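In: Following is a predicted model, sequence given first.
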Amino acid sequence: QVQLVESGGGLVQAGGSLRLSCAASGRTFSRYFMGWFRQVPGKEREFVAGINWDGGSTYYADLVKGRFTISRDNAKNTMYLQMNSLKPEDTAVYYCAALTGTSIYTPSAYDYWGQGTQVTVSS
């Protein structure tokens, strides 16, 4: 089991940058494929980015490809999401999650979630 806590959200102007962190408790963090998702009110939670256990493979939603970078530091039990060239449409609550199922793009395949951190991008 792993417990997750996100941080780093906030208010930023369009074109700016933020770095989100996801701190994990427990000694099993390195075993998990990890993902970032985001959600706005009235919409389903959507996949943003994912990273395999050693950081050797990364995956991105088309909407963020080239602007966001996912990474992890297993020695620190932490995952990151560097977000550059932010747009107002990136405004959402961002969640990190640990994969226990098979589909990396599907929220239901993740059993462990953080509480979320709000990202607001002003125009």
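Out: Now that the structure is in, tell me what you want to look at.
In: Compute the number of surrounding residues for the nearest residue to residue 64 once chain neighbours are set aside.
Out: Spatial nearest neighbour of residue 64, chain neighbours left out: residue 48 (5.8 Å); criterion: C-beta to C-beta, 6 or more residues apart in numbering. For glycine as for every other residue, the C-beta is placed from the backbone atoms N, C-alpha and C. A total of 24 residues lie near residue 48 under the criterion other C-beta atoms under 10 Å.
In: Residue 77 contacts residue 22, doesn't it?
Out: No. Assessed by C-beta atoms under 8 Å, residue 77 is found out of contact with residue 22, at 9.3 Å.
In: Counting neighbours, go ahead and name the busier of those two.
Out: residue 22 (27 against 18).
In: and the residue nearest the centre of the chain, how far is that from residue 123?
Out: Computing the C-alpha centroid of the chain and ranking residues by C-alpha atoms, centre = their mean puts residue 36 first, at 2.2 Å. Per C-beta to C-beta, to the nearest Å, residue 36 is found 23 Å from residue 123.
In: hang on, residue 113 packs against residue 97?
Out: Yes. In this structure residue 113 lies within contact range of residue 97 using C-beta under 8 Å: 4.8 Å.
In: Now list whatever residues contact both of those two.
Out: Residues touching both residue 113 and residue 97 (C-beta atoms under 8 Å, 6 or more residues apart in numbering): residue 4.
In: Quick check on those two: which one has the bigger neighbour count.
Out: Neighbour count, other C-beta under 10 Å: between residue 113 and residue 97, residue 97 has more, with 26 against 17.
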